[in-house]
Every structure is written in C-alpha cells, then in structure tokens.
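Asks: structure here, sequence nowhere to be found:
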C-alpha cells in the first residue's frame, strides 16, 4: 500500500485529509525535509505517522513528554501499528529489548526524548538501524527560550549528523512565529524543506480579556455559566494552582489540580477524572495540556497571564477542538507582569532575558489593547487576516463586541439541565462498560441536543446533528430508554 489516502482510510478511518496534511505527507515520502505548523487539534501526528508507514525502515519521533509518548503509542497500537517508546521508566534490559525490536524492523515508530539521543546505548543502536524518517514534535522547543529548559533540543542536529545515512527530517509545531520557524530550520539543518503553515485563525473561539483586581471573584462570576461543561483554568505557579483548586472546592465547584510537582500517579488520576467528565474543572500550570485529546473543552480561563503569545495561543487553543463555540478568557492585572518578570530575572542569559521581555511586552499589548484580539494574534504569527476577519470587527472577541460580562460561547437552548445530567450518567455507565472515554460515546454537544429535543425513536435519534450513525446504532438504546422514561414522568 503506497497511497496516503488508502493508509488514512485503513488505519484512521477518515475519508479525506485536512488542509496541508496530504502535501506534507507526500513531501516527506518523496524524500524532502518538511516543516509543518498546524494549530492544536490540526492533525499533526497523521502528517508523520503516515509517512512512517509508507517509507521503508524506522521512524524516530523526538517528543518532549513521557505522557505524550505513551498516549501516541497507545493510539498507534490500537490501530495495529507497531510502535514503542523509550522513557526513563524502562530498566536497561527492557530498553535493549525495545532497541532490538526496532533494529530488526519489527517497529515502525519509536518515540524518544531528546535527552535519549546521545546516550551510549542509543547511539550504538542508531549506527546499525535503518532510520528513514526523523521527526521533531513540538519543535518550537528549539526556539531561543525553549532550549533554556530543554538544552538537549540543540543537540538534535549533532545526532542527525552522526547517522551513517541522513534520514528525511521533519519538524512539527502547533505554534511558531516567523522568527521561531527560522530558528527551527537553522537549528535542525533542514535542507530545502517543504513548509506548510495552516491558518492560526480559530473562528469558533471567542477571545476575551477581563481587567480585574479580584481574580477569585471574577472567576466565581464566570464558572456558573459553564455548569455542565468541561474547562481548564491555567495558573502561572504550582502554589497558585493548588490554592485555587482548594478555594473552588470550598466554594462548591468540583475541581482537580495538575502540576509538575505532583506525583505521576496523582497527575494521571486527576487527568482521568477530568477527561471522563467526572470533574468539570482542572486547575493547572502549563505542565498540563500537551497531547490531551479532549475535543469538548468549552472554556479555557487564564487566571494569570502567561509570558508569551505562543504560550497563550497554545493553551487557549485547547478549547473547542470539536469545532463548537468555546471561550478563551484572560483575567488580567498588573501583578501578572510582576510575576512574569520574576521568572525572567531568574534567567542567566542576557540574550534570553531580552527575548523573554519582548514576548512579555507582546502579551501585555494583547491584554491592554483596544483593537481586535483575534487580529492581534493572527498578526503576531505572521498571518494576514482573511476576508472574514479583515474588517473592523471579528464579531467574536471582547474588544469587537464591546461586551465583557457574559460568555458568548455557551450553547443556547431550552434543554432541561436535569435531563442532561441524567444522560451524562448514562454515558458514564457506557464508558465504564466499554472501556472508552465518555466523549468517545457521545459528545457534550450531542447530550445537550438530546436533552433539548428528546427524541423517542431510533429514526429521530439517528438524525440528530451531533450523533454519528454507528454510535447511534451501538449506544442509542440506552439513551432512548432514559429519554422515554423522562418524557413519561414529565
């Protein structure tokens, strides 16, 4: 099988590619380096996983997070694609076993951290393995201040140069301003790469900045409007995330915390509670979110301002990956600048401090500006607004709407919330029974539609906008039973 579309249909079940995917895949398969900039949820992994299946030999994927590697490998194995990851959790005999499988050609994809590349065992393996494709995921980590935290990203080119045969090299990121893209090209030594940069515009996202001296009060005024929906509240520090989670719970709002200072077990448990919809709000630092596959996140609230538009865009972009209207709200005060400057002043490199100051200033202008928030972000990433956003108003941000009180993204309708919660319970039972995440059964949008329209026949159920046909056949009876009982008693 050498047709990208046939591979897409066989392993992923999609009938067509998203914009840019086929072009990036075909360039890599033809032997050309590639640089792909695709927004969060834009299908980056398919752009390198399909070439890995089409090319002979092994694909090495350099990824920054253990959880992200495990998640990708799990999804590939479910599709019957031979993949593995090497992490610090492996003992040496297990490590050598995985490398042996990769060397023998049993594996098609091998996920590793950048720190792993120059270790003795991996270097020896790399000299013998048939590596046809090398992928750098989350490639913005190469940028000026990204490598301050992961200096091993700067050694990836040394690893590539050490290989007997240079593989096709691909770099992918969800967010990269023009300057960062140039750093990626240079640092990796990409040779005449084919480049595709998708639009950074997410029309379904509503952007808002709220200036407030009392952030807890501002947050409490927002959250009741999102009752029944999942969302993320981002904090700058572990301490503030922990304190805010306790405060929300004390105020009767179910929330869990997530940050790098927690044990891996606690992080995983809290993530699963949120993913399954058992707890609607997760309060987190920027350690949370990369690789999270939850499409029905209806709001992302930044309790404190991040230090750069790159961070803000990526974190806010975790909302609305199902294409439905969702809110991205920044709570801003002057104290946010002081907190970010504290981090900047701890950076040893004067060059990096200057770059971080520039990014913080760009974020300050976003928070304090009086022009369209959407146009500001697009311009920052080097994109000329489309005709839809080229006018004076994007009609979907707090500046353009001059409307700063009530979130605009919430689904309107007359659905009975009590029935919706009953349908959520049905979904949770089916999720546990079939061992799949709740949104894989039906999305929140589908449940709200069911609660609003209350279909009683399979025919009407299958005609619902957000109910995929095969899911309706498989799970519809349980939901219809609940709806019929509700209709009979109300």
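Replies: Perfect, thanks for sending it. What you see is a predicted model, and the numbers here were worked out from it, not measured in a lab.
Asks: could you use CA atoms for every contact and neighbour count after this?
Replies: OK.
Asks: show me where the chain dips below the pLDDT cut-off.
Replies: 1, 40-42, 144-150, 291, 385-393, 402-417, 465-466 (pLDDT under 70).
Asks: domain ranges for it?
Replies: The record's domain parsing of the chain by automatic domain parsing lists 4-197, 205-401, 417-489.
Asks: quick check: closest non-adjacent residue to residue 307.
Replies: With sequence-adjacent residues excluded and distances taken as CA to CA, 6 or more residues apart in numbering, residue 307 is closest to residue 360, at 5.0 Å.
Asks: next, the one you found: phi, psi?
Replies: Here is the backbone geometry of residue 360 (degrees, to the nearest 10): phi -60, psi -40.
Asks: now do the strands in the stretch 151-300 of the chain.
Replies: Here the stretch 151-300 of the chain has its strands, by DSSP state E, counting those that start in this stretch, at 168-173, 194-197, 205-211, 230-234, 255-258, 281-284, 297-302.
Asks: quick one, which of those strands is nearest to residue 421?
Replies: Residue 421 lies closest, by CA to CA, to one member of these: strand 230-234, at 13.2 Å.
Asks: strand partners of that closest one, parallel vs antiparallel please.
Replies: strand 281-284 (parallel), strand 297-302 (parallel) (DSSP bridges).
Asks: can I get the strands of the stretch 151-300 of the chain in a markdown table with distance to residue 98 and mean neighbour count?
Replies: Below are the strands of the stretch 151-300 of the chain laid out as a markdown table (distance: least, CA to CA, whole Å; neighbours: other CA atoms under 10 Å):
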| stretch | distance to residue 98 | mean neighbour count |
| --- | --- | --- |
| strand 168-173 | 22 | 24 |
| strand 194-197 | 32 | 18 |
| strand 205-211 | 42 | 22 |
| strand 230-234 | 36 | 26 |
| strand 255-258 | 31 | 25 |
| strand 281-284 | 33 | 27 |
| strand 297-302 | 36 | 26 |
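Asks: can you say which of those strands is nearest to residue 103?
Replies: That would be, of these and by CA to CA, strand 168-173, which comes in at 17.9 Å.
Asks: which other helices and strands contact the closest one?
Replies: Counting by 3 or more CA pairs under 8 Å, 6 or more residues apart in numbering; DSSP states H and E, the packing neighbours recorded for strand 168-173 are strand 34-37, helix 44-54, strand 131-136.
Asks: how long is stretch 189-208 from one end to the other?
Replies: Chord length of stretch 189-208, first to last residue, is 39 Å (CA to CA, to the nearest Å).
Asks: let's number from 43 now, not from 1
Replies: All right, first residue 43 from here; so that's stretch 231-250.
Asks: now do it: distance to the chain's middle.
Replies: 14 Å (CA atoms, centre = their mean, to the nearest Å).
Asks: who's in contact with that stretch?
Replies: For stretch 231-250, the surrounding residues in contact (CA atoms under 8 Å, 6 or more residues apart in numbering) are 61-62, 66, 69, 74-81, 199, 211, 361-362, 365-372, 415-416, 420, 423, 425, 438-441, 446, 450-451.
Asks: looks like residue 514 contacts residue 505 (just checking).
Replies: No: counting by CA atoms under 8 Å, residue 514 sits too far from residue 505 to count as a contact (9.3 Å).
Asks: which of those two has more neighbours?
Replies: Regarding residue 514 and residue 505, a neighbour count based on other CA atoms under 10 Å identifies residue 514 as having more, with 21 against 13.
Asks: for the more buried one, helix, strand, or coil?
Replies: helix (DSSP: H, G, I helix; E, B strand; the rest coil).
Asks: go on, residue 81?
Replies: coil.
Asks: would you list the phi and psi of the residue nearest to it when sequence neighbours are not counted?
Replies: Once flanking residues are discounted, residue 81 sits nearest to residue 216: 4.4 Å by CA to CA, 6+ apart. Dihedral pair for residue 216: phi -90, psi -20, per degrees, to the nearest 10.
Asks: and residue 125, by the same measure?
Replies: Residue torsions, per degrees, to the nearest 10, at residue 125 are phi -150, psi 150.
Asks: count of residues packed around the nearest residue to residue 88 once chain neighbours are set aside?
Replies: Among residues not flanking residue 88 along the chain, residue 63 sits closest, at 7.5 Å (CA to CA, 6+ apart). Close neighbours of residue 63, defined as other CA under 10 Å, add up to 23.
Asks: residue 63 reaches residue 87, doesn't it?
Replies: No: the pair residue 63 / residue 87 is not scored as a contact, 9.7 Å apart, by CA under 8 Å.
Asks: overlap in contacts, those two.
Replies: Here residue 63 and residue 87 share no contacting residue, scored by CA under 8 Å, 6+ apart.
Asks: quick revisit: could the helices and strands packed on strand 210-215 be laid out in JSON lines, adding distance to residue 151 and mean neighbour count?
Replies: Listed next are the helices and strands packed on strand 210-215 as JSON lines, based on distance: least, CA to CA, whole Å; neighbours: other CA under 10 Å:
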{"stretch": "strand 76-79", "distance to residue 151": "18", "mean neighbour count": "26"}
{"stretch": "helix 86-96", "distance to residue 151": "7", "mean neighbour count": "22"}
{"stretch": "strand 173-178", "distance to residue 151": "9", "mean neighbour count": "24"}
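Asks: which parts of the stretch 343-492 of the chain are helices?
Replies: In the stretch 343-492 of the chain, the helices defined using DSSP state H, counting those that start in this stretch lie at 351-358, 376-387, 392-410, 415-422, 440-443, 459-476, 480-483, 486-495.
Asks: how about the ones you listed, which one is nearest residue 263?
Replies: helix 440-443 (16.4 Å).
Asks: now the closest one, how far from the chain's geometric center?
Replies: That offset, for helix 440-443, works out to 26 Å (CA atoms, centre = their mean).
Asks: and that helix, what's buried?
Replies: 440, 441, 442 (16 or more other CA atoms under 10 Å).
Asks: nearest to residue 465, of those residues?
Replies: residue 440 (33.2 Å).
Asks: how about the closest one: what's its closest non-neighbour residue?
Replies: Per CA to CA, 6+ apart, closest to residue 440 is residue 250, 4.7 Å.
Asks: what's across from the one you found in the sheet?
Replies: Beta-bridge partners for residue 250, by DSSP bridges, are residue 371.
Asks: with residue 173 instead?
Replies: Bridge pairing for residue 173 - DSSP bridges - gives residue 100.
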